[in-house]
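J.: need a structure here:
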Amino acid sequence: MKLDIESGGKRWQIGLPEGSLFVKVGSAPDCDVVIADASAMHAKFENFMGKWTVTDQMSDTGTKLNGETAYSAELKPGDVVEIGSAKIRIVAGEGGQPRKVTQSPAPVVPMEAPPGLAFKTDSLQEMIGKAESVTLRETTPTERKSALELEGRATHRAEPPRPREKTPQERFAEEMAARESRRPNPSAMRQAPVYQMQAKQTKKGSPVVGFIIMGAIALCVGGAVISAIVEEMDSPAPTWTKEEDPFGDISANVPGRPAPAPRANTADNRPRPASKWLDSNEEKVYRSRISKIEKSSDALETRLAAIDAIVEELKDKRHGLSWDLERTRRNLDVALMTEMSKRYNEDSSLIYDLIRADAYEAAFKRLEALRDYSQKSDYHKAHLEVTGLKDYIDPKFKEIEAQNLAFITDEFLLADHYLVLHDFQGARETVSGLLAKARVESLLKSCAQHEVAQLRAWELEQEAGKRAAPRAPFDKKKWKLPAAPKSDLMPEGESGRWKFTSALTNKLAKQARAGELEGVVTVYHGRDAVVGKWVSYRLTLEIQRPMPDDTGETHNFKFSVLRQPSELPTATQLALFEQFKEPTRDEYLGMLLYCYDNGLMEDAPRLAWKLWKADPSVKADLDKLMAAKLGIEVPAAGFIEKDGKLVEK
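T.: Numbers count the residues shown, from 1 in each chain. Reported below is the predicted structural model:
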């Protein structure tokens, strides 16, 4: 099996050999497949019993298999796994499932039976009953001689066996045997006469008595050895001068090794004997303390600190509690590590769900609680790297902060969209939801709360009829205007309008990529906006949003968005079209048609007047176009100019 990988404009393949256990995919440099916008350890391709599966490793953005989110799934050729921006296609090839080798059976040669003989399988008893009895007799001398001659001829004709190569053990045994053969023969040496005495029969004793005697001897020897060791430990260390030091010139006899420094007193170099052993009662008390700590329901870090305190108490004492202390501390340490891993898995999963629900304030609080827990004690800090918390908390804070800011920006812009449509209720609900879900700084929060109150007042005025009713958003299908007539201005009529509007959008995208729009002032849902740099195939817009607070002071907040030129609001695109240098007649016509296609009826008279100024000869055709879109007859004197617009009389 092979992986066909497409990421970052590049494409390559890697093979999955049959012996591979797993392939790691992520942004970490030690991964087998490195993807820049994936998690550090995003997913694993694992091989078990000849089958490959993909398993998500608790990644931030998830893993998709054939367009659907999958946590663990079996793979087959043709599947497509999406990790970040990368697409990994499973291709059949070298390294797939092990092939089964089928051995064809040997051909069966039919055996023909002699005439009159039928094949029949008899039982064992029937075969024994049908067997004829055989009488054995002795061979004659002539028969034995013939057999021996035949055996001799066969042995003579047989090829002599090849000598076997001897093993090192056999060669060593032969060498030792040769050495033994060179020694004097013991049998040739004079031996002393051996006198044999008749064995005297003795009465056997009880084996129990023998065991008792042997045990007594062993106790005596062991006691003597222990007494000698204790006496040696309690005896003062010997002292001697340089001339009397028996080890003073050892290094001097070793070539290439410098002579050691003079030893003033060997007692200074010997380790001091530890204090005496704890008695059984003291050890019993310590074991009771260790058992209580192990069974306690206190926090794990508290119990670990208590065990370490006991270790410190016994530092200079000799005891038999090392195993109990080591076992208890290791168990508590493993329990704390398990608790931290469980907390990390639960909180990271919950934070992921909160972010998907745009509940950024709750996600921040959960992440802050997890950070405080990870720094709770030195024992927690020691396990940060093992449990993965060290590489999760700080990057996750930066990620949530960026997503929170983007959410605040999008919600305020959505509220501006509702304000343009005079939908005060929609704007109020949007800002209120923003304050409930996002983490907002104090000044912006105060201004947003004041705006919610203002929107509620406008909503009540609208219900009382003091303000205009909300408008529905523009729908091309419902608000489609009548078709444009054919004329010299539009030779193809309505079907040819796309070549004028498409030329505008193509020119806008080209200028944005070239950076020619940087610094241009436009509008964004009724707010002033300044075009910034072209970043990651998108246009940057800095939006100015003035907001008053409770005291009446107005604060100007800036919001930054990244949008494709085609994703910009229609009013923003039209404002950028009008920023073109020296537009042609066809470009003004495209702007006018763009207004009619997108419901920008308030801007259409202004663009029609600019088209007439660019080419006065199109006035008659322009009047027919405007009358057709408005669904009226052409005025007798045509449309007239008023305040820079072409309108009816």
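
J.: How about the secondary structure of Arg89?
T.: Look at Arg89: counting by DSSP: H, G, I helix; E, B strand; the rest coil, its state is strand.

J.: SS state for the closest residue to Val618 other than its chain neighbours?
T.: Among residues not flanking Val618 along the chain, Leu489 sits closest, at 4.9 Å (CB to CB, 6 or more residues apart in numbering). Quick note: C-beta positions are derived from backbone N, CA and C, even for glycine. The three-state assignment at Leu489 reads coil, by three-state DSSP.

J.: Please give me every residue in contact with Leu489.
T.: 589, 618, 621-622, 625 (CB atoms under 8 Å, 6 or more residues apart in numbering).

J.: Please tabulate the residues you listed in TSV, including the columns pLDDT.
T.: Shown next, in TSV, are those (pLDDT from 0 to 100):
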residue	pLDDT
Leu589	95
Val618	94
Asp621	94
Leu622	95
Leu625	94
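
J.: Out of those, name the ones that lie in strands.
T.: Using DSSP state E, no member of these sits in strands.

J.: who wins for most neighbours among those residues?
T.: Neighbour count (other CB atoms under 10 Å) singles out Leu589 as the most crowded of those, with 27 neighbours.

J.: burial count for Lys87?
T.: Neighbour tally, Lys87, other CB under 10 Å: 15.

J.: same deal with the one 3 residues further on?
T.: Other residues near Ile90 number 22, with proximity taken as other CB under 10 Å.

J.: what's the pLDDT at it?
T.: pLDDT for Ile90: 88.

J.: Same question for Arg456.
T.: Confidence score, pLDDT, at Arg456: 96.

J.: repeat for Ala637
T.: At Ala637, the predicted lDDT confidence score is 85.

J.: what's the closest non-adjacent residue to it?
T.: In space, Ala637 is closest to Lys649, 7.0 Å off (CB to CB, 6+ apart).

J.: With Leu325 instead?
T.: Val311 (5.9 Å).

J.: do you know how far the one you found is from Ala305?
T.: 11 Å (CB to CB, to the nearest Å).

J.: One more: Glu578?
T.: Note on Glu578: its distance to Ala305, by CB to CB, is 72 Å.

J.: Excluding covalently adjacent residues, which one is nearest to Thr540?
T.: Nearest to Thr540 is Gly532, by CB to CB, 6+ apart, at 3.3 Å.

J.: Could you confirm the one you found falls within a strand?
T.: Yes. Gly532 forms part of a strand when assessed by three-state DSSP.

J.: Burial check on it, number of neighbours?
T.: 18.

J.: Report pLDDT for it.
T.: Gly532 is given a pLDDT of 94.

J.: My guess is it contacts Glu542. True?
T.: Yes. Contact criterion CB atoms under 8 Å: Gly532 and Glu542 qualify, at 5.7 Å.

J.: so what does the helix or strand hosting Leu444 touch, helix or strand wise?
T.: Assessed by DSSP states H and E, Leu444 sits inside helix 442-463. Applying 3 or more CB pairs under 8 Å, 6 or more residues apart in numbering; DSSP states H and E, we find helix 442-463 packed against helix 424-437, strand 538-548, strand 554-563.

J.: what's the spacing between the helix ranked longest in the chain and its chain's center?
T.: The longest helix of the chain (DSSP state H) is helix 322-356. Using CA atoms, centre = their mean, to the nearest Å, the mean C-alpha position of helix 322-356 is found 19 Å from that of the whole chain.

J.: Show me what counts as buried in that helix.
T.: 324-325, 328-329, 332-333, 336-337, 339-340, 343-344, 347-348, 351-352, 354-355 (16 or more other CB atoms under 10 Å).

J.: how far off helix 424-437 does that helix point, in degrees?
T.: Here the directions of helix 322-356 and helix 424-437 differ by 170 degrees (axes from the mean of the first three to the mean of the last three CA atoms, to 10 degrees).

J.: on that earlier part again, list the contacts for the residue nearest to Thr540?
T.: Shown in contact with Gly532 (CB under 8 Å, 6+ apart): 518, 539-542, 560.

J.: Give me the buried subset of those.
T.: 539-541.

J.: hang on, the earlier thing: who touches both of Gly532 and Glu542?
T.: Both Gly532 and Glu542 are in contact with Ser560, where contact means CB under 8 Å, 6+ apart.

J.: now the stretch 51-200 of the chain, which segments are flagged as low pLDDT?
T.: In the predicted model of the stretch 51-200 of the chain, residues 93-165, 168-169, 180-200 satisfy pLDDT under 70.

J.: now the chain
T.: Residue ranges of the chain with pLDDT under 70: 17-20, 93-165, 168-169, 180-209, 227-275.

J.: try 50 this time
T.: When residues are selected by pLDDT under 50, those of the chain lie in 95-122, 124, 128, 134, 154-159, 186-203, 240-255, 257, 263-268, 274.

J.: hey, where'd the helices end up in the stretch 201-350 of the chain?
T.: For the stretch 201-350 of the chain, the helices defined by DSSP state H, counting those that start in this stretch cover 207-234, 280-295, 300-313, 322-356.

J.: Give me the number of neighbouring residues for Glu587.
T.: Every residue meeting other CB under 10 Å relative to Glu587 is counted, giving 20.

J.: Who are the contact partners of it?
T.: 500, 503-504, 507, 577, 580.

J.: do that again at 10 Å, thanks
T.: Contact partners of Glu587, counting by CB atoms under 10 Å, 6 or more residues apart in numbering, are 500, 503-504, 507, 577-578, 580, 610-611, 614.

J.: so how far is Phe577 from it?
T.: Taken as CB to CB, the span from Glu587 to Phe577 is 7 Å.

J.: Ala309 too?
T.: Taking CB to CB, one finds Ala309 at 77 Å from Phe577.

J.: now swap in Tyr588 and tell me
T.: Per CB to CB, Tyr588 is found 9 Å from Phe577.

J.: rewinding a little: report the set of residues contacting both of Glu587 and Phe577.
T.: Shared contacts of Glu587 and Phe577 (CB under 10 Å, 6+ apart): 504, 507.

J.: how about the strands in the stretch 501-649 of the chain?
T.: Residue ranges of the strands in the stretch 501-649 of the chain, as given by DSSP state E, counting those that start in this stretch, are 521-524, 527-535, 538-548, 554-563, 640-641, 646-647.

J.: Of all these, which one comes closest to Thr387?
T.: Closest approach to Thr387 among these is made by strand 554-563 (35.6 Å; CB to CB).

J.: Look at Tyr588 and Phe577 and report which has more neighbours.
T.: Using other CB under 10 Å as the criterion, Tyr588 and Phe577 rank with Tyr588 on top: 25 against 20.
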